[in-house]
Structures are given as structure tokens and as C-alpha cells.
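Novice: fold the following, please.
(2 chains)
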Amino acid sequence: MKFDTKRRVFLKGSVAATSVGVALGAGLLTPGAVLAAWNKSAFEAKAIDKAIGAAAGSPTTTPSDKITIKAPDIAENGAVVPVSIKAGLDGVTSIALLVEKNANPLSAIFHLPEGTLPEVSTRVKMGKTSDVIAVVKAGGKLYSARKGVKVTIGGCGG
Amino acid sequence: MSKSIKIRAKAKNGITTVKSLISHPMETGFRKNKKTGKLIPAHFIQEVVCKHNGKVVLNCEWGASISKNPYLAFKFKGGKKGDTIELSWKDNKGQSDSISTKVR
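Specialist: All right, here's what the predicted structure looks like:
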């Protein structure tokens, strides 16, 4: 049974990846140097659903109040917005961090092996006021949380 | 000794906290050079791997929207004083760096 759900997630993931492939073929995304490990399609996706789909395997996530995002309500400087994500869930295998209104929403994917606590902190750039989204994969399921951050000076372009 | 990475690892009550700072421009590829009007090519870290005594404890994939001079902090279970922590990064231009430190 468990195997089946995993397989379904995998299938959904490949569908999402295909749609990015189509976008690539249509010239919407510029192909560059391809790195084997780096999830290029996820990082270059412009739509939030596609980015989540390519990064986590499925664009569908369940909102969870067990995930806490620590970020400022108002960021004076969008170039440096400290973000901490903490998930009070068991069996977390990965955490994806996205900024909804950035040109490429996906900021980072953290892969956590067993023994690493589901708690990471980093700093991101935000182009404008937007939600920060955390997508946490725990026990093969996807959970998400979001938090709005108001940006007074953008960090992209400039 | 690595010049681009600063790292600190501290063990407390069976949990090790790793904090690190990497100096890197993290260019998005969207910014323009104000004098020439040309786009500054993207240059950012794509992969960060952290190992504890040779075992991977964190593997990150990063996009260009991580801030300049990235900061990273995380925790893992286990680890004691004197253990080896190794952190390495690789960017989209193929440059890389790594550092090794001891848990305090």
C-alpha cells in the first residue's frame, strides 16, 4: 500500500517534469549547462505549482500548522531576508523553500537524512512583498505552510 | 584552509548545531550592470553538502534567490566534541570549496 502511494507521487512528479520539458521545448526556458544533481527544472520553473511539483514530486500539498516559518513581517531589505523553517513532523526527508512572487519561486531544497532535525535557517532574496512557502516532505507526504513578508526595498534587480 | 567558508559546530545535549557563512556573490542573472546595461551573468551556489564524520547530514540544492554571502544553520542528532564536520559547496560555474572543522 505504501509502495503504491509512493509510485503515485512519482508518477505525478514525472508529469510535472514533462510539462516543464514542454515549456523548455517552446523556448520559454533557456537551457544552460546541465548539472546532474541539481534540480534544474524545479529551480527554473516560473509558476509556483510547477516549482513545487518539480521540487517535491507533486504540486498538491496539505497545509499544516506543525510547520513554523520564522521570517520578519516587514523586511526592510529584500536582498537579505532571514528565514527559518521548523517542522514538528516525524520522518521529514526534505524541506523546500519558495518565495511565491520571485521570478523563479524556488529558493532551496534541503535534503535531510535520518538524524538531522527538520529545522533549517538561511537568508533569501525577495523581489517584492510576497508569501514565503515551506513545503515539507514527511513520510512520503507533502505538507506546506506560508507566511507573508512585506518588502520595502526589493532584492532582485535593483 | 578554506577562505570562503566560516563554520561553527557545537554539540549540546546530544544535538549538534552547525552554523556557517559562505562568501559568494550569488548573482541571479537578472541584474544589470549599470554602466554597460548588460546583464550580469548568473553565478550562484547550487549544491551544499555537510558531512559529520564522513556521513552526510545535510544536502542542499540552492537557487539564485539565496542571499549574497549565504548563511546556513541546521541541527542534527548525535555528534560530540572533537567530531569532524565537513562542508562543501559547488556553484553553477563549477567552482567549489570545502572546509573541515571540529565540533566544539
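Novice: so what's residue B:51 bridging to?
Specialist: residue B:56, residue B:86 (DSSP bridges).
Novice: got the contact list for residue B:104?
Specialist: When contacts are counted by Cβ atoms under 8 Å, 6 or more residues apart in numbering or on different chains, residue B:104 touches B:8-11, B:81. (Each C-beta comes from the backbone N, C-alpha and C, glycine too.)
Novice: actually residue B:16, sorry about that
Specialist: B:9-10, B:52, B:75-79, B:83, B:85, B:103.
Novice: try 7 Å
Specialist: B:9-10, B:75-76, B:78-79, B:103 (Cβ atoms under 7 Å, 6 or more residues apart in numbering or on different chains).
Novice: which SSE is it in?
Specialist: strand B:15-22 (DSSP states H and E).
Novice: does stretch A:104-124 come close to chain B?
Specialist: Yes. Using Cβ under 7 Å from any Cβ of the partner chain, stretch A:104-124 reaches chain B at A:104, A:106-113, A:115-117, A:119-124.
Novice: max pairwise distance over the contacts of residue B:16: which two?
Specialist: Pairwise distances across the contacts of residue B:16 peak at 13.3 Å for B:10 and B:78 (criterion: Cβ to Cβ).
Novice: may I have the phi/psi pair for the residue nearest to residue A:74 when sequence neighbours are not counted?
Specialist: Once flanking residues are discounted, residue A:74 sits nearest to residue A:150: 4.5 Å by Cβ to Cβ, 6 or more residues apart in numbering or on different chains. Main-chain torsions, residue A:150, degrees, to the nearest 10: phi -90, psi 130.
Novice: residue A:150 touches residue A:72, doesn't it?
Specialist: No. The pair residue A:150 and residue A:72 does not pass the contact test of Cβ atoms under 7 Å, sitting 8.5 Å apart.
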